[in-house]
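J.: coordinates for the following, if possible.
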Amino acid sequence: MSGNKTVVKSLEILQLFYAHERLTLQEMVDLLTLPKTSLHRQVKALEEMGFLTRDADGKYALGLIFLELGQLVAERLDIRRIAFPYMCRLRDEVKEAVNLIVREGDEAIYIEKVDTQNPVRLYTRVGRRSPLYAGACSRILLAFMSPEEAENYISRTDLKAIASGTITDRNELREVVARARMHGYSVSYSELEDHSAAVAAPIFNHRGQAVAGLSMAGLEAHYEDENLTLLIQKIKQTAGEISRQLGYKQQAR
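T.: Numbers count the residues shown, from 1 in each chain. Down below sits the predicted model:
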């Protein structure tokens, strides 16, 4: 059976549970009219991956992984909806592109963007991915992982240069990450694209977890001296406002 057919059959099995809370293997066979041996093999694989669970009576139900995934999807959609007006306001105030990013594995993914009207724009788009070590936009997520998880990532990741300013030294990355966590923001220059700069701050949920990052990005010349101080203040303030909308209770940092 091809990989595509296997995926389709697995989805058909899972869709049975839209209408049925629990099913035996035989009930699934009857509903799908599939060979019992083939179905059993697929059900077993789904159980091993956590998509199905089996009780003492031998009946199957959807696994808790769907609750976790559902919460994750709902949370991300909620963040986009809540963050968007704040992102628009920030863009209008500072005239820079504003991005909303979340972690997906060892990468950051852009899930929302509000572009600037400046004639020279950077290449970013919704759906773009970047490694967690490169650029303030991505690195703010690395900085607010647990220290153990962050160190594990830094130790095992091949730090490849993407642009002229990409950090490729592990000890330097550790120092930059530590400063970002201490001060609540990260700044980068020419790390994902030459002559570009970015500043980012974390967004926290009601549990105090950093679930997203808010960043603004533009040309390096706009991220210097007094202007940089203002941009840092603005990004932290806006990220804090979004966090409070997500139920975050500000604590002394």
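J.: just the helices in the stretch 1-150 of the chain please.
T.: Using DSSP state H, counting those that start in this stretch, the helices of the stretch 1-150 of the chain run over 3-15, 25-32, 36-48, 65-94, 136-143, 147-156.
J.: against Gln245, how distant is the residue lying closest to Arg89 once chain neighbours are set aside?
T.: Distances taken as C-beta to C-beta, 6 or more residues apart in numbering put Thr238 closest to Arg89, at 7.6 Å, once the chain neighbours are dropped. Yep, even glycine has a C-beta here, placed from its N, CA and C like the rest. Going from Thr238 to Gln245 by C-beta to C-beta, to the nearest Å gives 11 Å.
J.: between those two, which one's more packed in?
T.: Thr238 (22 against 16; other C-beta atoms under 10 Å).
J.: right, and that one touches Ile203 too?
T.: No. Counting by C-beta atoms under 8 Å, Thr238 stays clear of Ile203, with 9.3 Å between them.
J.: now the common contact residues for those two.
T.: Jointly contacting Thr238 and Ile203 under the rule C-beta atoms under 8 Å, 6 or more residues apart in numbering are Leu214.
J.: follow-up on the earlier one: for the residue nearest to Arg89, what are its contacts?
T.: Shown in contact with Thr238 (C-beta under 8 Å, 6+ apart): Tyr86, Met87, Arg89, Leu90, Ala201, Leu214.
J.: now this structure, which segments are flagged as low pLDDT?
T.: 1-3, 71-77, 118-125, 251-253 (pLDDT under 70).
J.: could you redo the last one with a cut-off of 50?
T.: 1-2, 119-120, 252-253 (pLDDT under 50).
J.: that one - how does it break down into domains?
T.: 3-63, 72-245 (automatic domain parsing).
J.: ranking those domains by burial, who's on top?
T.: domain 72-245 (a mean of 18; mean count of other C-beta atoms under 10 Å).
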